[in-house]
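Student: my questions are about this predicted structure, shown below with the sequence.
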Amino acid sequence: AQTVTQSQPEMSVQEAETVTLSCTYDTSESDYYLFWYKQPPSRQMILVIRQEAYKQQNATENRFSVNFQKAAKSFSLKISDSQLGDAAMYFCAYRYRYSGGGADGLTFGKGTHLIIQP
Amino acid sequence: EAGVAQSPRYKIIEKRQSVAFWCNPISGHATLYWYQQILGQGPKLLIQFQNNGVVDDSQLPKDRFSAERLKGVDSTLKIQPAKLEDSAVYLCASSPTAGTVSYEQYFGPGTRLTVT
């Protein structure tokens, strides 16, 4: 079974600075997807960024980018120019590639609480 | 486009009572998921439906939890009888089809259950 580990329960960064959140995972699959989700106090889970395992290029979405190291099974999230609205819980998640009607629920890590200091 | 709707938003019950949560997915989404998120942890998948059929319920405690998705649209998750350890946020999510690469799962606001 696949597992996702986030070793940083809490991170703090000054507004406008850059922060990196870490994630490692374990799987025997070769074709899968990795995600970062943001969960503010409202509890709404919001997709931040997605990475397909077969792509070597790291995904980027505006101020958010990832460092995907497939051999090391590492998937970190970098947030540049941190803003107060970035404060939230961040979850790393895994999903193996669909193949013929199989289950595709997400496996989540325990999360990292990101604090933005003004 | 309306998002995933869930009700109630909050529920407090005593142990051994029963409770039900309701989810209305985004219109046209074939796949529906229920996740349990215990405080301090990431969400854990309980059950996945495609249309009105169960795709995965391997982590659903079937002695007390049940779920249904009649007519392949709305879904209800029930707990009977509830235990203290069932206190959690229950998240519902939907996606257009099962497992298609380019489709993400859209989450509802969740129901926070407290069992006393």
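Tutor: Structure received. This structure is a prediction, so every number in the text was calculated from the model and none was measured. Numbers count the residues shown, from 1 in each chain, chains lettered A, B, ... in the order given.
Student: make it CA atoms for all contacts and neighbour counts henceforth
Tutor: Fine.
Student: near chain B at all, stretch A:81-92?
Tutor: Yes - for stretch A:81-92 and chain B, the contact criterion (C-alpha under 8 Å from any C-alpha of the partner chain) is met by residue A:91.
Student: from residue A:112, how far off is the residue most central in space within chain A?
Tutor: Nearest residue to the geometric centre of chain A (C-alpha atoms, centre = their mean): residue A:36, 2.7 Å. Residue A:36 sits 11 Å away from residue A:112, going by C-alpha to C-alpha, to the nearest Å.
Student: give the residues shared as contacts by the two.
Tutor: A:90, A:91 (C-alpha atoms under 8 Å, 6 or more residues apart in numbering or on different chains).
Student: so what's residue A:39 up against?
Tutor: Neighbours of residue A:39 in contact, by C-alpha under 8 Å, 6+ apart: A:45, A:46, A:88, A:89, A:90, A:91.
Student: who in chain B is up against chain A?
Tutor: B:33, B:40-45, B:48, B:55-56, B:98-101, B:104, B:106-110.
Student: hey, where'd the strands end up in chain A?
Tutor: Per DSSP state E, chain A carries strands over the ranges A:3-5, A:10-14, A:19-21, A:24-26, A:32-39, A:46-52, A:60-61, A:64-69, A:74-79, A:88-96, A:107-108, A:112-117.
Student: could you dump those into TSV and include distance to residue B:26 and mean pLDDT?
Tutor: TSV is the format used below for the strands of chain A (distance: least, C-alpha to C-alpha, whole Å; pLDDT from 0 to 100):
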stretch	distance to residue B:26	mean pLDDT
strand A:3-5	28	96
strand A:10-14	33	97
strand A:19-21	31	98
strand A:24-26	30	97
strand A:32-39	19	94
strand A:46-52	15	93
strand A:60-61	24	95
strand A:64-69	27	97
strand A:74-79	29	98
strand A:88-96	21	94
strand A:107-108	22	95
strand A:112-117	28	97
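Student: how about those strands, which one is nearest residue B:23?
Tutor: Among the strands of chain A, strand A:46-52 comes nearest to residue B:23, with 17.6 Å by C-alpha to C-alpha.
Student: what sits up against that closest one?
Tutor: By C-alpha under 8 Å, 6+ apart, the list of residues contacting strand A:46-52 reads A:31-39, A:58-61, A:64-65, A:68, B:104, B:106-107.
Student: paired strands for that strand, with orientation please.
Tutor: strand A:32-39 (antiparallel) (DSSP bridges).
Student: middle-most residue in chain B, spatially?
Tutor: Chain B, centroid-nearest residue using C-alpha atoms, centre = their mean: residue B:34 at 2.7 Å.
Student: ok, it touching residue B:93?
Tutor: Yes - checked against C-alpha atoms under 8 Å, the pair residue B:34 and residue B:93 is within contact range at 6.5 Å.
Student: starting from the worst-scoring helix or strand of chain B on mean pLDDT, tell me which strands it pairs with and how they run.
Tutor: Sorting the helices and strands of chain B by mean pLDDT, DSSP states H and E puts strand B:53-56 at the bottom, at a mean of 90. As defined by DSSP bridges, the strand partners of strand B:53-56 come to strand B:44-50 (antiparallel).
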